[in-house]
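[1] take a look and give me a structure for this.
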Amino acid sequence: MLYVLLLFVLLFGILQVARRAVASWFVSRASRAASLPGSPSPEIAANLRRAMQFDPDDPRHPALLARALQYSLESSDISDVLRFSERAAALGPHHANLWADLGAAYEWAGRDDAAQRAYAQAFALFPNSPEINWRLGNYALRSGRLHEAAGFLRVCVLRDAALRRPAFDLAWRASGDATFVLEEIVPPDSRSRLAYLDYLADTARLDAAADVWARLRDSGFAFDPAEAFHYFDALLEHRRCAEIESAWSALAAAHPARIPARGAGGNLLVNGDFESEPADGGLDWRVATMPGVELRTVTSAFYSGTHSLEIRFLGTENVAYGNVRQFVPVEPNTRYRFTGHLRAEGITTDSGPRLQIYDLHNPATLAIELPAVLGSSSWSAYAAEFVTGPQTTVLLVRVLREPSGKFLRQFRGTVWVDNLSLVAVN
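    The predicted structure follows:
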């Protein structure tokens with residue numbers, strides 16, 4: 001008798017496994033159908049109904065069927081959507097997503113009281129879930145409850161980096177109020193505020209960004225300073241020069257080991273003597289790498305101080321180079337004097353490196369190229385005086401090498417750059 005019972009249990013288990021396997025096969029067929037162009041809704045629904053027949057206790061199957069029917073866009077499906085959503089929640093009463101799905105179904109059917117109860121149950125089951133809070137935040141906004149929605153969206157921002165930007169965007173579209181978004185949606189931690197700062201920079205809401213920057217400053221810039229460089233790029237793009245200079249000074253004061261201040265004696269260039277490693281952003285030098293070129297600060301050669309910037313061209317190609325550059329806020333209609341020192345060794349071809357200055361936003365009004373260094377030379381001084389145009393607010397200073405037109409074009413050699421200065425001339 002015991003053996004018969006064991007055999008019965010074994011066969012029952014095998015049957016259950018087989019039923020679940022068949023149900024999974026029908027779900028896979030529904031997924032494949034859903035991926036086809038045109039989304040054949042009847043075929044999707046038919047496969048999910050078969051899955052329910054073989055495995056009626058799995059709450060996922062009625063939940064998937066309810067969604068498929070909801071997106072089939074037939075008004076006669078509303079009762080079925082509700083029925084299968086209710087069945088899914090009954091089979092999986094501890095699954096917050098199923099209650100959120102049921103809330104969405106009730107909302108779609110216009111049953112607001114029932115929708116609110118179902119959404120509340122979803123939140124009670126998983127109050128810290130970013131996905132649940134996202135769905136409840138959207139529901140609250142659709143219902144006109146802005147401040148209630150803010151609490152849900154705030155959890156999304158705090159707990160899921162992927163939802164930060166959608167939450168900021170949704171809050172702006174719903175309220176249009178910079179103070180509301182900052183106070184109610186953005187948590188006070190540096191990570192959330194930096195993400196919001198990037199969002200504001202991308203959407204050109206720079207007045208609102210200034211408020212966020214002030215809060216980051218007041219909290220001591222407790223983050224890697226390079227994470228703020230996107231904000232500086234937006235200020236440069238929109239010519240907000242007073243703000244970028246003030247922001248850079250504050251960042252340099254908070255992170256003196258990473259962010260160099262502007263030079264002494266009225267020198268507008270940052271780190272013009274290369275005594276600090278270039279920060280590669282903001283108002284410091286940007287030093288993008290490229291094949292065939294090696295770049296580093298060195299102590300083996302310098303004009304003044306103890307360091308210079310070494311750029312070594314490896315001779316593998318006729319390289320076009322402009323990857324050492326700095327953006328410099330300046331005043332319009334003002335005379336400036338630029339000076340610098342270069343040293344060369346083994347520069348080949350007729351086109352060597354040179355220093356270049358031009359108006360970032362309108363190069364046609366101001367573009368200056370100093371003489372190129374060729375062959376081998378000791379430290380040589382280069383200088384130029386110029387007057388900025390009536391609309392000039394940002395200059396680009398860079399090391400430039402243009403491709404040679406000669407037959408033997410592979411470019412080789414080393415140049416050292418040091419002691420660069422840009423000052424206003426009375």
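[2] for stretch 386-402, what is the average pLDDT?
    Mean pLDDT, stretch 386-402: 95.
[3] span of that stretch from start to end?
    Distance between the two ends of stretch 386-402: 23 Å, counting by C-alpha to C-alpha, to the nearest Å.
[4] now find how far off-centre it is within its chain.
    Stretch 386-402 sits 29 Å away from the centroid of its parent chain (C-alpha atoms, centre = their mean, to the nearest Å).
[5] same check on stretch 365-385?
    For stretch 365-385 - counting by C-alpha atoms, centre = their mean - the centre lies 38 Å from the chain centre.
[6] list of residues touching that stretch?
    Stretch 365-385 has contacts (C-beta atoms under 8 Å, 6 or more residues apart in numbering) with 303, 335-347, 350-359, 386, 388-389, 391-392, 395, 400-401, 415-416, 418, 425. C-beta: built from backbone N, CA, C; applies to glycine.
[7] Three-state assignment for residue 331, please.
    Put simply, residue 331 is coil when judged by DSSP: H, G, I helix; E, B strand; the rest coil.
[8] correct me, but it touches residue 388?
    Yes. Assessed by C-beta atoms under 8 Å, residue 331 is found in contact with residue 388 at 6.7 Å.
[9] which of these two has more neighbours?
    Each of residue 331 and residue 388 has its neighbours counted (other C-beta atoms under 10 Å); residue 388 has more, 20 against 13.
[10] and the more buried one, how far from residue 235?
    19 Å (C-beta to C-beta, to the nearest Å).
[11] does the residue nearest the centre of the chain count as helix, strand or coil?
    The centre of the chain sits closest to residue 198, judged by C-alpha atoms, centre = their mean, with a distance of 6.9 Å. With three-state DSSP as the basis, residue 198 sits in helix.
[12] how about the contacts made by it?
    230, 231.
[13] quick check: it vs residue 128, distance?
    Here residue 198 is placed at a distance of 24 Å from residue 128 (C-beta to C-beta).
[14] give me the phi and psi for the closest residue to residue 99 other than its chain neighbours.
    Among residues not flanking residue 99 along the chain, residue 122 sits closest, at 3.8 Å (C-beta to C-beta, 6 or more residues apart in numbering). Note on residue 122: its backbone torsions stand at phi -60, psi -40 [degrees, to the nearest 10].
[15] what's the burial count for residue 122?
    Using other C-beta under 10 Å, residue 122 is surrounded by 28 other residues.
[16] please verify my assumption that it contacts residue 132.
    Yes. Using C-beta under 8 Å, residue 122 is in contact with residue 132, at 5.4 Å.
[17] any stretches of the stretch 201-350 of the chain with poor pLDDT?
    Within the stretch 201-350 of the chain, no range satisfies pLDDT under 70.
[18] tell me the secondary structure for residue 165?
    Of the three states, residue 165 takes helix under three-state DSSP.
[19] so what's residue 241 up against?
    235, 329, 330, 393, 394.
[20] right, and the second one touches residue 392 too?
    In this case it means residue 329. No. Contact between residue 329 and residue 392 fails when scored by C-beta under 8 Å: they sit 10.1 Å apart.
[21] who does the helix or strand where residue 346 lies pair up with?
    Using DSSP states H and E, residue 346 sits within strand 335-347. Take DSSP bridges as the rule and strand 335-347 pairs in its sheet with strand 375-387 (antiparallel), strand 412-424 (antiparallel).
[22] please parse this protein into its domains.
    10-126, 286-424 (automatic domain parsing).
[23] so which of the ones you listed is nearest residue 250?
    The closest of the domains of the chain to residue 250 is domain 286-424. By C-beta to C-beta, the value is 15.0 Å.
[24] next one: the closest one to chain centre, how far?
    Centroid separation for domain 286-424 versus its chain: 31 Å, with C-alpha atoms, centre = their mean.
[25] and residue 317, what does it touch?
    291, 292, 410, 411.
[26] I figured the third one was touching residue 348, is that so?
    What that stands for is residue 410. Yes. Residue 410 is in contact with residue 348 according to C-beta under 8 Å; the separation is 7.5 Å.
[27] between these two, what contacts are shared?
    Jointly contacting residue 410 and residue 348 under the rule C-beta under 8 Å, 6+ apart are residue 315.
[28] more neighbours: those two, which one.
    Per other C-beta under 10 Å, whichever of residue 410 and residue 348 has more neighbours is residue 348, with 18 against 15.
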